[in-house]
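[1] Here is my input, please return the structure:
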Amino acid sequence: MRSQSLRILTMILAPALLLASGCVGLVTAHPTNAAFSISPGTAAIDTNCTGCNATNAQGRAIHQFSATLTTGGAAMVTWSVAGGDRTSGAGSINEQGQYTPPSYLTADRVEVLVTATLDSDPAMAATAVLSITPGFQQPLAPENAALGSNGSVTLTGTLAEAGGSTGIHFSLSNTATGTTGGLGLLSPASCLRSGQTFTTCSVTYTAPAQVASTGATYVVATVEATGSSDAAPAARVSAPVLLNTAGVSSNPAAHQSQFSGPILLGSSGGSNIDYDLKGNRVADCCAGTLGALVQDATGRNYLLSNNHVLARSDHGNVGDAIVQPGLIDNNCTPLGTGSGVSAVATLTSWLPLSSKNTNADAALALVTSRTIDTAGTILELGSRQPDGTLAAAPPGVSSSGGKGEPAALALKVAKSGRTSGLTCGSVTAVDVDVTVDYYQDCAETKSYLSKTFSHQIAISGNAFSDAGDSGSLVVDANNAEPVGLYFAGGLDSAGVSQGMATPASDVLGELGAQAGASYSFVGTTDHAVSCLSYGDSTVANAQSRTLAATESAVAQKVLNEFHALVNPAAGILGLAVGKSSDHAGEAALLVYVDESLNPVVPATMGGVRTVAIPSNAHLVAAAEAPLTALAYGTPAVTAASLNQALAVKQQVAHNLMQRNPAFFAVGVGQSLDNPREAALVVYVDRKRTVPQMPAAIDGVRVRYIVMDRLHVTRSWAAASSPHCISRSPETKPLRLTWPLL
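    Numbers count the residues shown, from 1 in each chain. This is a model prediction of the structure:
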């Protein structure tokens with residue numbers, strides 16, 4: 001998966017670019033003249049475009065400028081930029097006034113002069129000034145970790161600055177975006193700066209001597225202020241550290257290393273030619289996760305991962321070398337041009353994404369002799385060892401005969417992936433129709449296609465997955481039985497990881513039908529997984545949102561109209577105005593129901609959502625009843641409600657997604673406002689305006705998850721030093737021939 005907010009760029013600047021840094025000098029904005037004005041006149045951003053006010057067609061953050069005639073209406077102007085950094089330039093601005101900053105700086109702060117020239121009178125111009133400061137070049141490394149008492153981990157942040165004096169401030173917090181709280185200690189930060197490498201700062205986090213309860217503490221990194229009064233909004237990244245009473249120690253860095261012996265799965269890997277060229281130089285590369293080992297009826301072993309990991313989204317060739325680790329973990333150095341990766345398999349087959357007859361993103365690679373652990377062992381899928389680390393173990397196959405088990409709502413699942421290691425989450429929705437975007441290149445600049453999959457599994461949880469976890473095997477945390485193959489994900493507006501997996505049995509079935517073979521997972525007796533769950537902040541985020549005054553007013557009006565419904569004998573103990581968790585930011589009527597009676601509560605009253613909260617008369621009278629429906633745990637969805645929701649979903653999903661492009665996925669999950677009921681789960685593109693988001697459809701509650709559109713989950717990085725390739729990756733791939741096992 002691409003990183004959800006930041007992308008890894010070059011870590012060592014090419015020598016030809018290492019010029020003296022500098023800026024255009026202090027300049028003054030002149031945003032107004034007699035004919036037109038431009039806005040904003042002054043602004044401050046960083047190289048990540050933190051605080052930018054718009055996105056372009058590709059969803060990337062840009063700073064939007066506009067030009068307005070003094071008589072009103074839009075002015076027809078030509079935009080240009082000047083100044084900026086002497087090495088990386090001034091950034092760019094297109095004809096619509098969308099400005100993109102340079103990717104890095106060689107100074108702590110530079111000024112960019114934005115000029116708009118009137119098309120009808122080139123002598124008439126207006127200018128604005130942008131102050132640019134360095135932002136983060138990548139997430140903290142590692143992006144997450146787990147520790148018991150007194151455990152420690154070193155985290156490193158990288159700034160988009162070569163030279164200069166800017167550093168990183170590290171702090172602890174109870175939340176990913178906070179600045180206070182948190183448990184444990186941080187060492188003083190240590191920074192490395194030079195004119196030839198990006199600035200890196202490291203800090204060591206140490207867990208408390210006693211961990212009283214399991215929960216996440218966040219190491220938060222912010223760019224140190226430059227002292228300018230108009231400094232950009234503080235760029236920020238954070239990494240959760242799961243403090244746990246079980247004493248488990250887990251660092252995903254082990255999943256990104258090269259193995260000296262038999263390869264364990266859940267590790268970094270991918271195609272040896274999964275890179276982009278500029279001329280004959282490798283510019284960037286990408287990779288994912290080697291997910292599982294499968295076997296055909298003749299005993300041949302194959303690596304299972306995604307099409308977009310092993311076959312480069314339909315652009316691979318049979319016989320392409322599959323390497324471990326993936327190229328992003330070897331400075332984009334392919335096998336044959338340097339050391340650091342090993343050939344472990346050859347691409348055999350894949351389900352074409354371009355075909356309307358395929359419903360999975362999957363590929364197989366024939367295992368070479370003695371390269372992969374033949375037991376199908378997956379990193380960290382086993383039990384806790386005496387030193388706190390988690391043992392590697394194969395998946396469980398004894399109860400399903402190696403064919404995998406079906407998913408169910410609220411099922412606790414685990415995955416072992418290249419970037420976030422072993423993490424656990426819950427099945428959020430089943431029978432999901434989802435549209436996923438694919439690209440021809442690692443940098444995602446060349447669109448390939450958008451494919452809609454059906455009957456998929458949705459999984460959520462804080463830090464459940466991140467860029468590079470694509471291809472991970474999703475297993476039932478209770479018995480390690482395969483449940484699905486992870487292939488796409490992203491962060492929602494609450495900062496919760498949302499991902500998609502294809503049911504394991506469907507993956508094996510489609511691959512088998514294509515090859516005329518029968519595949520099964522290689523594994524062992526069913527066993528529990530030592531789950532690492534970082535929690536789920538969905539409800540907490542929804543309840544922390546401030547409601548608009550109009551929302552609260554409408555809910556209060558409806559409360560007054562329906563107050564007569566309070567009838568303890570009928571099980572309705574009280575009403576109050578509150579907040580919906582099914583749709584963050586929307587007001588709701590809190591309906592307190594007798595927990596011993598559980599009366600039916602309609603999805604809406606007077607057009608306002610309802611939240612059904614089991615309680616008792618004493619707590620309601622004392623104003624001590626909870627504000628959410630999940631305060632006392634998560635009850636199971638009734639079978640009748642689930643079947644009703646599945647039927648409605650089948651009827652409306654296609655039309656919902658066709659009528660409004662903002663809806664890119666629809667499935668069936670559990671209502672957070674009334675957990676005994678199933679709900680349609682609709683995924684909404686946060687960059688699009690949605691005219692109508694109904695609270696219920698055909699009597700079924702609707703839960704909305706607002707986020708960026710899902711995309712495939714390879715991780716991407718630019719080469720930190722040049723590698724010259726004498727062949728085209730599209731026409732002459734490196735192929736290897738190996739003896740069969």
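[2] tell me the SS of Asn541?
    Secondary structure state of Asn541, per DSSP: H, G, I helix; E, B strand; the rest coil, is helix.
[3] Not counting its neighbours along the chain, what's nearest it?
    Ala494 (3.6 Å; Cβ to Cβ, 6 or more residues apart in numbering). In short, each C-beta sits where N, CA and C put it, glycine included.
[4] got a list of what that neighbour touches?
    By Cβ atoms under 8 Å, 6 or more residues apart in numbering, the residues touching Ala494 are Ser537, Thr538, Asn541, Ala542, Ala584.
[5] out of those, who's nearest Asn567?
    Checking those against Asn567 by Cβ to Cβ gives Ala542 as the nearest, at 28.6 Å.
[6] Next, count neighbours for the closest residue to that closest one other than its chain neighbours.
    Closest residue to Ala542 apart from its sequence neighbours, by Cβ to Cβ, 6+ apart: Ala584 at 3.9 Å. When counting by other Cβ atoms under 10 Å, one arrives at 21 neighbours for Ala584.
[7] Distance-wise, check Ala584 relative to Thr546.
    11 Å (Cβ to Cβ, to the nearest Å).
[8] Just the buried residues of stretch 60-71, please?
    Ala61, Ile62, His63, Phe65, Ala67 (16 or more other Cβ atoms under 10 Å).
[9] what ranges of this structure fall below the confidence cut-off?
    Low-confidence segments of the chain (pLDDT under 70): 1-26, 57-59, 226-232, 713-723, 726-741.
[10] quick one, longest strand in it?
    Identified as the longest strand of the chain according to DSSP state E is strand 421-439.
[11] Tell me the first helix or strand C-terminal of that strand.
    Once strand 421-439 ends, the next helix or strand along the chain (criterion: DSSP states H and E) is strand 447-461.
[12] So what are the sheet partners of that following strand and their directions?
    Sheet pairing of strand 447-461 (DSSP bridges) gives strand 421-439 (antiparallel), strand 497-503 (antiparallel).
[13] Mean neighbour count, those strands: which tops it?
    strand 497-503 (a mean of 26; mean count of other Cβ atoms under 10 Å).
[14] Pull it out as CSV, backbone CA atoms only.
    Output of strand 497-503 as CSV, limited to C-alpha atoms (Å, rounded to 0.1, in the frame of the first residue of the first chain):
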residue,chain,number,x,y,z
SER,A,497,-6.9,1.7,9.0
GLN,A,498,-9.6,0.4,6.6
GLY,A,499,-8.7,-2.5,4.3
MET,A,500,-10.0,-5.1,1.9
ALA,A,501,-9.3,-8.8,1.6
THR,A,502,-10.6,-11.4,-0.8
PRO,A,503,-12.1,-14.5,0.9
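[15] Which stretches in this protein count as helices?
    307-310, 504-515, 538-544, 549-562, 617-621, 639-659 (DSSP state H).
[16] do you know which of those helices lies nearest Asp469?
    Across the helices of the chain, Asp469 has its closest neighbour in helix 307-310 (10.2 Å, Cβ to Cβ).
[17] from the middle of its chain, how far away would that closest one be?
    18 Å (Cα atoms, centre = their mean, to the nearest Å).
[18] Packing partners of that helix?
    With contacts taken as 3 or more Cβ pairs under 8 Å, 6 or more residues apart in numbering; DSSP states H and E, helix 307-310 sits against strand 267-271, strand 281-290, strand 342-350, strand 363-367.
[19] if you set the cut-off to 10 Å instead, what comes out?
    strand 267-271, strand 281-290, strand 301-305, strand 342-350, strand 363-367, strand 421-439, strand 482-491, strand 711-712 (3 or more Cβ pairs under 10 Å, 6 or more residues apart in numbering; DSSP states H and E).
[20] Buried residues of it, list them for me.
    Asn307, His308, Val309, Leu310.
[21] Can you add distance to Asn56 and give the residues you listed back as CSV?
    CSV is the format used below for the buried residues of helix 307-310 (distance: Cβ to Cβ, whole Å):
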residue, distance to Asn56
Asn307, 28
His308, 23
Val309, 27
Leu310, 31
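[22] just the residues you listed now: which is nearest Val413?
    Using Cβ to Cβ, the buried residues of helix 307-310 come closest to Val413 at Val309, 19.7 Å.
[23] Now for the closest residue to that closest one other than its chain neighbours, how many residues are close by?
    Spatial nearest neighbour of Val309, excluding adjacent residues (Cβ to Cβ, 6+ apart): Gly288 at 3.5 Å. Neighbour count of Gly288, defined by other Cβ under 10 Å: 33.
[24] what separates Gly288 from Ser149, distance-wise?
    Using Cβ to Cβ, Gly288 is found at 34 Å from Ser149.
[25] and what of Glu111?
    49 Å.
[26] Ok, which of the helices and strands packed on helix 307-310 comes nearest Gly388?
    Between Gly388 and the helices and strands packed on helix 307-310, the shortest separation by Cβ to Cβ is 13.1 Å, and it involves strand 421-439.
[27] could you give the angle of the closest one to strand 281-290?
    Inter-element angle recorded for strand 421-439 and strand 281-290: 130 degrees (by axes from the mean of the first three to the mean of the last three Cα atoms, to 10 degrees).
[28] The closest residue to His30 other than its chain neighbours: what's it in contact with?
    With Cβ to Cβ, 6+ apart as the criterion, His30 has its nearest non-adjacent residue at 4.9 Å, and that residue is Thr127. Applying Cβ atoms under 10 Å, 6 or more residues apart in numbering to Thr127 gives the contacts 27-33, 38, 41, 80, 82, 113-117.
[29] The same query, at a cut-off of 8 Å, please.
    Val27, Ala29, His30, Pro31, Ile38, Leu113, Val114, Thr115, Ala116.
[30] residues touching the last one, list them.
    What that stands for is Ala116. By Cβ under 8 Å, 6+ apart, the neighbours of Ala116 are Phe36, Ile38, Phe65, Ala67, Ala75, Val77, Thr78, Trp79, Gly97, Ala125, Ala126, Thr127.
[31] swap the cut-off to 10 Å and go again
    In this structure, Ala116 makes contact with 31, 33, 36-38, 65-67, 75-80, 93, 97, 124-128, judged by Cβ under 10 Å, 6+ apart.
[32] Let's see the PyMOL selection covering just the buried ones among these.
    Only the buried members of those enter the following PyMOL selection, criterion being 16+ other Cβ under 10 Å:
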select buried, resi 31+33+36+37+38+65+67+75+77+79+93+97+124+125+126+127+128
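[33] Just the ones in strands from the contacts of Ala116, please.
    Using DSSP E, the contacts of Ala116 in strands are 36-38, 66-67, 77-80, 93, 125-128.
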